[in-house]
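1. Fold the stuff below for me.
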Amino acid sequence: MVDATPLKRTPLYDVHVALGAKIVPFAGFEMPVQYPTGITAEHKAVREKAGLFDVSHMGEFVVRGPQAVEFVNHVTTNDVAALAPGQAQYSTILREDGTIVDDCLVYRAEDRVLMVVNGSNIDKDFAHISRFVGDFNVTLEDISDKIALLALQGPDAARILQKHTDTDLSKIKYYEFIIGKVAGVEKVYISRTGYTGEDGFELYFPGEHAKKIWNALTASGEVTPTGLGARDSLRLEMGMALYGNDLDDTTTPLEASLGWLVKMKKGDFVGRDALAKQKERGLERKLVGFTTAERSFPRLGYPVFAAGKPSGEVRSGTMSPTLGIPIGTAYVPPGSAAEGAALEIEIRGKRIPATVQKMPFYKKGSRL
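-> Numbers count the residues shown, from 1 in each chain. Reported below is the predicted structural model:
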C-alpha cells in the first residue's frame with residue numbers, strides 16, 4: 001500500500017528551487033540533496049570554509065514545568081541534571097527493552113528544556129515520550145511546524161555569523177547556546193553544535209524569518225548552500241550515527257558504540273534495566289567503522305562477513321570526499337570489532353577485503 005501522505009516543505013523550499021537544487025523526498029519533506037555545485041564541492045566548502053544547511057525538517061519539543069529536567073532525564077539516557085542553563089547534550093531516547101526510539105539533542109534553558117529529534121521520527125517520538133508526562137509536573141508541546149533550523153558549518157562559520165549578531169560568539173563553547181539576535185531576528189537559539197566535525201552553529205527560530213536569515217548569511221557569497229548529500233558524507237567521515245542507518249528500533253546504545261551517552265548512575269530512566277542486563281550478559285554485536293583497500297563503494301545494504309560468517313549489512317557507506325577512500329559502518333561480533341580486524345564486504349557478488357577502523361575516519365575537523 002502506497003503512503004499517500006503529502007510531503008511537507010520547509011519555509012525555504014522556494015529558495016532551494018530558485019538555486020537549482022535537486023529536491024528529493026526525505027523524512028516526509030521535499031528537501032535539497034544537492035545544488036548545482038555538486039556534493040563534493042559542497043562537502044569541501046564545509047571542510048575548508050563554510051556551508052549552510054536547511055535542516056528545518058528536524059523536530060522540536062518543548063518541556064516546561066517545575067519537573068522539566070526530571071522528565072527529560074527519565075525519557076533520555078544522558079544526564080540532563082548535569083547541564084547548566086545554556087548547555088546542550090547529545091542523547092538517546094529508549095524503549096523499555098533498551099532499543100533506540102531516536103537520538104536527540106537536549107537544550108536546557110532557564111525555564112524550559114528543548115528536545116530536538118529527527119524529522120522522520122517526530123510523531124513516533126512525541127507519542128512515546130507523552131506516555132510518561134502524567135508522572136511529572138510538566139507540559140510537553142510539539143513546536144516542530146513553527147521552527148526553522150539552519151546549520152552554518154565550517155572553519156569560517158564563527159567569523160561569518162559574527163557579522164550578523166551582537167552576541168559575542170567567542171563566549172559560546174562547544175555544546176553551549178545563547179538566545180540572541182541574528183540578522184535582526186530576536187530570540188534565536190544560537191547553538192555551537194553540528195553534524196559535520198567542523199566548527200559551526202545551529203540556529204533555531206520561528207519559521208517566518210527563515211528567508212531573512214538565509215539571505216543575510218549567504219549575501220556575501222562566502223557561504224555555500226549545502227544539501228543532504230554532503231551532510232551525509234560529512235557526518236560519516238566523523239563517525240556520527242544516522243537514525244535509520246546506524247541506529248534503528250532493533251539496536252541499543254551499547255551495541256551502537258554510544259555507551260558514553262548512557263549514565264547508569266543518574267538513577268532510573270526508560271530502558272535502564274534492559275541495558276543493565278545487556279551489560280551483564282555481554283554484547284552480541286557492535287557498530288564499527290571500516291574501510292577497504294579497493295576503491296569499491298560500500299553501499300547501504302551490502303552484505304558483511306566477519307570471520308567468514310554473515311554479519312548483517314553495511315549500515316552507512318560512501319567514498320570519502322576528503323580522504324579519497326571507501327568508508328562505512330556495520331554491526332559485527334565483538335570478536336571482530338577491534339581496530340585492524342578483517343571483514344569482507346560483498347559488492348556485486350564479490351567479497352572485498354575490509355578492515356575495521358577506529359572512528360572518526362577524518363581526524364582534522366576544526367571541532368576536534
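
2. V33: neighbour count?
-> Applying other C-beta atoms under 10 Å, we find 18 residues neighbouring V33. Heads up, the C-betas are built off the backbone N, CA and C, glycines and all.

3. The nearest residue to A307 once chain neighbours are set aside: neighbour count?
-> Distance criterion C-beta to C-beta, 6 or more residues apart in numbering; nearest residue to A307, sequence neighbours excluded, is S336 at 5.9 Å. S336 has 20 neighbouring residues, counting by other C-beta under 10 Å.

4. Where do the helices of the stretch 151-300 of the chain begin and end?
-> Assigned by DSSP state H, counting those that start in this stretch, the helices in the stretch 151-300 of the chain fall at 157-162, 210-218, 228-237, 272-281.

5. Just the strands from the stretch 151-300 of the chain, written as ranges.
-> Along the stretch 151-300 of the chain, the stretches classed as strands by DSSP state E, counting those that start in this stretch are 177-182, 185-191, 200-206, 224-225, 286-292.

6. returning to what we had before: where does the residue nearest to A307 land on pLDDT?
-> Predicted confidence (pLDDT) for S336: 98.

7. returning to what we had before: now the strands of the stretch 151-300 of the chain in a markdown table, with mean pLDDT and mean neighbour count?
-> Output for those, formatted as a markdown table (pLDDT from 0 to 100; neighbours: other C-beta atoms under 10 Å):
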| stretch | mean pLDDT | mean neighbour count |
| --- | --- | --- |
| strand 177-182 | 98 | 20 |
| strand 185-191 | 98 | 20 |
| strand 200-206 | 98 | 24 |
| strand 224-225 | 98 | 22 |
| strand 286-292 | 97 | 22 |
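
8. Poorly predicted segments of the stretch 251-368 of the chain, please.
-> 368 (pLDDT under 70).

9. picking that back up, now tabulate the strands of the stretch 151-300 of the chain in JSON lines and tack on distance to G328.
-> Output for these, formatted as JSON lines (distance: least, C-beta to C-beta, whole Å):
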{"stretch": "strand 177-182", "distance to G328": "32"}
{"stretch": "strand 185-191", "distance to G328": "29"}
{"stretch": "strand 200-206", "distance to G328": "25"}
{"stretch": "strand 224-225", "distance to G328": "26"}
{"stretch": "strand 286-292", "distance to G328": "6"}
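
10. Quick one, which of those gets closest to I347.
-> Nearest to I347 among the strands of the stretch 151-300 of the chain is strand 286-292; the distance by C-beta to C-beta comes to 8.7 Å.

11. The closest one - which strands sit beside it in the sheet, and in what orientation?
-> For strand 286-292, the paired strands and their directions (DSSP bridges) are strand 326-332 (antiparallel), strand 350-357 (antiparallel).

12. contacting residues around the longest one?
-> When contacts are taken as C-beta atoms under 8 Å, 6 or more residues apart in numbering, the neighbours of strand 350-357 outside the stretch itself are 288-294, 296, 298, 304-305, 327-328, 332, 336-346.

13. which of those residues count as buried?
-> Buried residues within the contacts of strand 350-357, counting neighbours by 16 or more other C-beta atoms under 10 Å: 288-292, 296, 298, 304-305, 327-328, 332, 336-337, 341, 343-346.

14. before we move on, the earlier item: out of the strands paired with strand 286-292, which comes closest to D248?
-> Taking those one by one with C-beta to C-beta, strand 326-332 is closest: 10.5 Å.

15. and that closest one, how far out from the chain's middle?
-> How far strand 326-332 lies from its chain's middle: 18 Å, per C-alpha atoms, centre = their mean, to the nearest Å.

16. again with stretch 12-20
-> Chain-centre distance of stretch 12-20: 23 Å, with C-alpha atoms, centre = their mean.
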